[in-house]
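# Quick check, what structure comes out for this input:
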Amino acid sequence: MVYAPQRRHAVASMSTTLQALALVQHFYAPNMLVLLCRVFSLIHIRAPPVIQPTRSLFSLWFLVATTNLAAVFFHVVGYGEGGYDTKGLILDFVGQSNPASMVRVLLLDLVIFLLQLVTLIVCYVVNYSPTLPKTDVFPYDDLLLPPEAPARAVAEDDLDIESGDQLRQRRHGKGPRYRSIASDHPVPWAEDDGEDLPGRSTSRSPVRASTPIRRGRSGVPLVFNIPLAHTLSLIFRLPGPSPMRVASGGTPLTTPPTSPRGVQDELALLTAAVTQAAHTNRASHAMSIALPITPVPFFNLAAPATFQGIEVEWILDPAAPPKFDGSSDIETISAKLEANSPRDGPALPELPAKLDRETPFAEVAKILDALDDYLAYRTYFGGVQVGYNDALIWGLIRSNKSAAGSVKIPGRPHLARWYTQFETQDLPKNIAESFNKARSDMDKGKKVKRQEVIEAVLPNAVEGKVVVRFAPEPSGYLHIGHLKAAILNRFFADKYKGKYILRFDDTNPSKEEGEFEDAIKEDLAMIEVEFDKVVHTSDHFDKIREHTIRLIKQGDAFMDNTDAETVKEQRRAVIPSKNRGLSIEENLKLFQDMCDGKAPEWSLRAKIDYEHKNGVMRDPVIYRAVEGSHHITGTKYKAYPMYDLACPVIDHIDGVTHALRANEYAARHEQYEWFIKKLGFPHIEIFDFSRIDFVYTVLSKRKLKYLVEQGVVSGWADPRFPTVRGIRSRGMTVKGLKEYIIGQGASQQLLLLEWDGIWTVNKRVIDPIAPRYWAIAEEKMVPVKVEGRDTDAETVEKRPLHKKNPEVGEKDLVFSSNLIIEQEDAKSFGENEEITAMDWGNAYVTDKKVNTAGDVEAVTLKLHLEGDFKKTSKKVTWLAAPTKEHPLVPVVLIEYDYLITKKKMEEADDLSSIVNPKTEYRTPALASAEVANLKKWDIIQFERKGFYISQGTKDAEGRMEFGFIPDGRLATITLKATPAAETPKVAGASKGSWGKPGAKKAAAPTPVQDGVKVNLSEASTGFEIPVKVDMFESPRIYGKEAVKTEPKVDMFTSKPIYDN
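Numbering: from 1, shown residues only. Got it, this is the predicted structure:
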């Protein structure tokens, strides 16, 4: 089943071969007339004029036969005793030296004749027009399309689809019900039994063959013998099957595939295409499509629009919706672009699911596999050349984050090849360039700010009905690990126009306090996360108890008085509790006694499966007695539910539709679903995300509380603490914090993050708006005498607080003949060096006094204000020496270190052994007078020092305290103390693992005697190091004695080939 591109390729290949053979034959029997006749016949056959109804195969055959018979005649006549006259040209044809024999030349004539006949047939089929009236000129009308079929090649990819089916079968087995790329409606797909593959119908082409096509034993369709068989039948008038109506074994197809278009048809279609293009261009120039700049661009709309000549405008406001032809809905815009799209290409491939911006990764992988199969024997989706389908699919892939990141992974060579080649086209390059330019403008702050978007989708979410909850335990302050959950829940509630519940999980009265509830509300307000209502788990203790009794009556829970340590060991060893077989009546009575405070040693356990492969499913404790008073209910209750039981029950009571949980609790999802099922609750979707962990950081509330109680920090708001208040005191802005969390998205990858990323984002926020001041460290401060001023009196001039942002304001800069600078700057000055005093101008160092310790005691500068500051290598900050009229403000600049010295803290680590002994570094300084008016948490920059935040406090000496804000550079986030040793990983000992402990490593053998350490530089004989320990000595495999070689070795000697 060969279609037009294959025929044309065959014609070109055979014509080249024929011309080469004709030239070779001419060298054997040089006859210019024969050569010209044959070249003429080749050109006439390959590129004939428009075929008329009067033309016939016989006329073309006659032309071929005449020219070749003439060649044979001249070859026979021209042969002489010495062969053919080659005029000195020596060639070797199929092993025969010049001169060539007559038999060889005549055989060559026969080869040329047969190849010309094959070329004739193929060219005739390629150029014959199916639009001509039916005549008896061409007797094989079944090669043509039926009259009702469109003029374009609708089924030229039949062979490709069958091969694609085979690839898909090998990769995925039996295929599912597929979907069209542009529609959600399923396309019927019969099950493939591995032998017969039915044809299919697509959304953009007529129904293809529906009768199964038989495969050979190798699984490849048996169609490759058809062109040769049919060609021979045409040449020799043998009865044979039609290549367009026959598969292996002569099985007929219900709908014949297409034949190529003729020249007249090509011209007609070309004229129509030009007319349509002109109309499309006139229409497209009258409209444009406006798309917002988002982290994942709207290339799914930009690509098809650009292909149709519609101008794309990038909106620098990320919150703005796409706009096209009066519509702002993405689905509506896609439908309009699809309706206006050109219809001159083959049908789009059928996909397992709809591909759009929000298609999840699991579906994306199947879609990309299907696209790869489709391209197994194709170059483009648009047919033999780039078309609308290529632009559409490229845009869809680029607009889906998972698809764009997976398109080139190993295993999809055909799709990767197409994707790489297509991106070299002008269309994708122009779209990417325009998008990048617009995004660059946005990043520079020319018009709007960076978009804050999380690219994630809740499963089975219905707009207006989504209910999510953030459920912190009121046992401490919110820390950075909680923020991702808080912000993600708020994001999804806004995205689906749903509700956001703040629920305090107060099921452990021994740890919880009302103070922490107020603090959590304040922290959420600080980071601008609003909630729709506040609830407590304790509001529903009675309902939880009712559902618990239901579990007992169902036989799904039992009472147990085994101590906690034994329970832990039994669960690990897969041993059932001795009380697992208690009757329901006994369990109900014991449960009531526990709730009344009469049986505090008993607890309630879920009766699931003590042998379950998931350790959390091995009969977990779900209700226990707790002594003490609850901060809300007081002493009303003596027993409280565990979180594992309370969570699904309260989620049901509060109407939660989607439970967002950190994937550190992934093992508990099965347990959550078990309670939902046993209690008969409607299904609640679970959405996983990864928690945020940072290096050298303690996030455990229990351990944070320990640091507070031990006085390591001043409180929960200490700048060294990872709490929301702590990092806010450190200089983290609310905007920077939210941008970083949103930038992390809803990822599920477990990472131990460095602090550079979050502080880099924060710097982007504060850098454009932080006012600039100067501060001079007081230690070994250097007085400076300035010469060349017009007056010795102090003067005050206005200078901008931010040179790049005049809106920040202005400051008063005092100019004086007496200045102060820092010791390090003064030491760097050379004799008569020209330096730049910032905000003043250039000056020469005319004198520098240095004491015996090497410290500079005084410097004299001579102004050279006409000098070019761009040519100096040293720009220094300075302040006028303090006077009564213009005093300076004493400050202390504080730089913090991490609280612990271990990069990743493990659960079993002793916190006291890894606490950093020194976490504050204080530098007394004098600062500009304006800093005295700063309020708590005001952020400024001391130029050439960094960003600082006002703590709103003073030290014992009355100095204002300013905390250093890291800016993401390595020097600002590196641990200053000596790091603690990391704990080596042990197999089977990970947290939450119920596997067996890893095998102990065998101890290294003890050496018989101590080795002697010898430095290489002290070795007496080269690099030989004498070692007395022979524990690692191994016997020589080549023996102990060296093999001596004979001086005369002639194994490689060869005798001269010309010796007599």
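
# Low-confidence ranges, the stretch 401-550 of the chain, go.
Applying pLDDT under 70 to the stretch 401-550 of the chain picks out residues 443-455.

# ok, which stretches of it are strands?
Taking DSSP state E, counting those that start in this stretch as the criterion, the stretch 401-550 of the chain carries its strands at 467-470, 499-504, 533-536.

# and the last one, what does it pack onto?
In terms of contacts (3 or more Cβ pairs under 8 Å, 6 or more residues apart in numbering; DSSP states H and E), strand 533-536 is packed against strand 499-504. Yep, even glycine has a C-beta here, placed from its N, CA and C like the rest.

# on contacts alone, who are the packing partners of the strand it packs on?
Short answer (3+ Cβ pairs under 8 Å, 6+ apart): strand 499-504 packs on strand 467-470, helix 480-495, helix 514-526, strand 533-536.

# The same query, at a cut-off of 10 Å, please.
Taking 3 or more Cβ pairs under 10 Å, 6 or more residues apart in numbering; DSSP states H and E as contact, the helices and strands that strand 499-504 lies on are strand 467-470, helix 480-495, helix 514-526, strand 533-536, helix 643-653.

# In contact with Ala646, which residues?
With contacts defined as Cβ atoms under 10 Å, 6 or more residues apart in numbering, the neighbours of Ala646 are 471, 505-507, 537-538, 540-541, 544, 547-548, 622-623, 640, 675.

# And the residues you listed, which is closest to Asp839?
For the contacts of Ala646, the minimum distance to Asp839 (Cβ to Cβ) is 53.6 Å, reached by Ala471.

# quick one on the thing from earlier: the strands of the stretch 401-550 of the chain into CSV, with extra columns for distance to His414 and mean neighbour count?
As requested, these are exported to CSV (distance: least, Cβ to Cβ, whole Å; neighbours: other Cβ atoms under 10 Å):
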stretch, distance to His414, mean neighbour count
strand 467-470, 42, 23
strand 499-504, 46, 22
strand 533-536, 53, 15
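
# Next, the buried residues of stretch 611-631.
Residues of stretch 611-631 classed as buried: 612, 616-625, 630-631 (neighbour count, 16 or more other Cβ atoms under 10 Å).

# Among the residues you listed, which one sits closest to Ile686?
For those, the minimum distance to Ile686 (Cβ to Cβ) is 14.4 Å, reached by Val616.

# sec struct for the closest one, please.
Using DSSP: H, G, I helix; E, B strand; the rest coil as the criterion, the local structure at Val616 reads helix.

# And it, how close does it get to Phe422?
As for Val616, its distance to Phe422 is 48 Å (criterion: Cβ to Cβ, to the nearest Å).

# likewise Leu106?
Taking Cβ to Cβ as the measure, Leu106 falls 51 Å from Phe422.

# With Leu970 instead?
40 Å.

# can you check Val77 too?
When Cβ to Cβ is the yardstick, Val77 and Phe422 sit 59 Å from each other.

# Comparing the two, which shows the higher neighbour count?
Between Val77 and Phe422, counted using other Cβ atoms under 10 Å, the more crowded position is Phe422 (20 against 10).

# Can you check which of the strands of the stretch 401-550 of the chain gets nearest to Thr877?
Using Cβ to Cβ as the measure, strand 467-470 is the one of these that comes nearest Thr877, at 46.0 Å.

# Is Ile622 located within a helix, as I assumed?
No. Counting by three-state DSSP, one finds Ile622 to be strand, located in no helix.

# Now it: closest residue in space that isn't a chain neighbour?
If the residues on either side of it in the chain are set aside, Ile622 comes closest to Leu645, at 4.0 Å by Cβ to Cβ, 6 or more residues apart in numbering.

# now do Phe942
Nearest non-adjacent residue to Phe942, counting by Cβ to Cβ, 6+ apart: Ala775, 4.4 Å away.

# Find me the pLDDT at that neighbour, would you?
Per-residue confidence for Ala775 comes out at a pLDDT of 97.

# What segments of the stretch 351-500 of the chain are helices?
Taking DSSP state H, counting those that start in this stretch as the criterion, the stretch 351-500 of the chain contains helices spanning 361-374, 388-398, 401-406, 413-422, 426-443, 480-495.

# The stretch 551-700 of the chain now?
Taking DSSP H, counting those that start in this stretch as the criterion, the stretch 551-700 of the chain carries its helices at 564-573, 584-595, 643-653, 669-678.

# Could you export stretch 463-476 as PDB, CA atoms only?
Taking C-alpha atoms only, stretch 463-476 is exported to PDB below (Å, rounded to 0.1, in the frame of the first residue of the first chain):
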ATOM      1  CA  GLU A 463     -16.200  24.800  41.300                       C
ATOM      2  CA  GLY A 464     -18.200  26.200  44.200                       C
ATOM      3  CA  LYS A 465     -18.300  22.900  46.200                       C
ATOM      4  CA  VAL A 466     -14.700  22.500  47.200                       C
ATOM      5  CA  VAL A 467     -14.000  22.600  51.000                       C
ATOM      6  CA  VAL A 468     -10.500  22.400  52.400                       C
ATOM      7  CA  ARG A 469      -9.100  22.700  55.900                       C
ATOM      8  CA  PHE A 470      -5.800  23.700  57.600                       C
ATOM      9  CA  ALA A 471      -5.600  21.700  60.800                       C
ATOM     10  CA  PRO A 472      -2.600  22.800  63.000                       C
ATOM     11  CA  GLU A 473      -2.200  21.500  66.600                       C
ATOM     12  CA  PRO A 474      -2.300  24.400  69.100                       C
ATOM     13  CA  SER A 475       0.900  23.200  70.800                       C
ATOM     14  CA  GLY A 476       3.300  25.800  69.400                       C
END
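
# List the buried residues for it?
466-476.

# Any chance of JSON lines for the strands of the stretch 401-550 of the chain, columns distance to Pro292?
Putting the strands of the stretch 401-550 of the chain into JSON lines (distance: least, Cβ to Cβ, whole Å) gives the following:
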{"stretch": "strand 467-470", "distance to Pro292": "25"}
{"stretch": "strand 499-504", "distance to Pro292": "25"}
{"stretch": "strand 533-536", "distance to Pro292": "32"}
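
# Compare these and give me the one nearest Glu685.
In terms of Cβ to Cβ, the element of the strands of the stretch 401-550 of the chain nearest to Glu685 is strand 467-470, at 10.1 Å.

# Report how many residues lie close to the nearest residue to Lys323 once chain neighbours are set aside.
Nearest residue to Lys323 in three dimensions, chain neighbours excluded: Ala290, at 4.3 Å (Cβ to Cβ, 6+ apart). By other Cβ under 10 Å, 17 other residues sit near Ala290.

# and Ala290, what is it in contact with?
For Ala290, the set of contacting residues under the criterion of Cβ under 10 Å, 6+ apart consists of 298, 301, 311-315, 320-324, 328.

# Would you reformat those residues as CSV and include distance to Ala438, neighbour count and secondary structure?
What follows is those, written out as CSV (distance: Cβ to Cβ, whole Å; neighbours: other Cβ atoms under 10 Å; DSSP: H, G, I helix; E, B strand; the rest coil):
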residue, distance to Ala438, neighbour count, secondary structure
Phe298, 12, 25, coil
Leu301, 15, 25, helix
Glu311, 13, 13, strand
Val312, 10, 21, strand
Glu313, 9, 12, strand
Trp314, 4, 20, strand
Ile315, 8, 20, strand
Ala320, 13, 14, coil
Pro321, 16, 14, coil
Pro322, 14, 19, coil
Lys323, 15, 16, strand
Phe324, 17, 22, strand
Ser328, 19, 12, coil
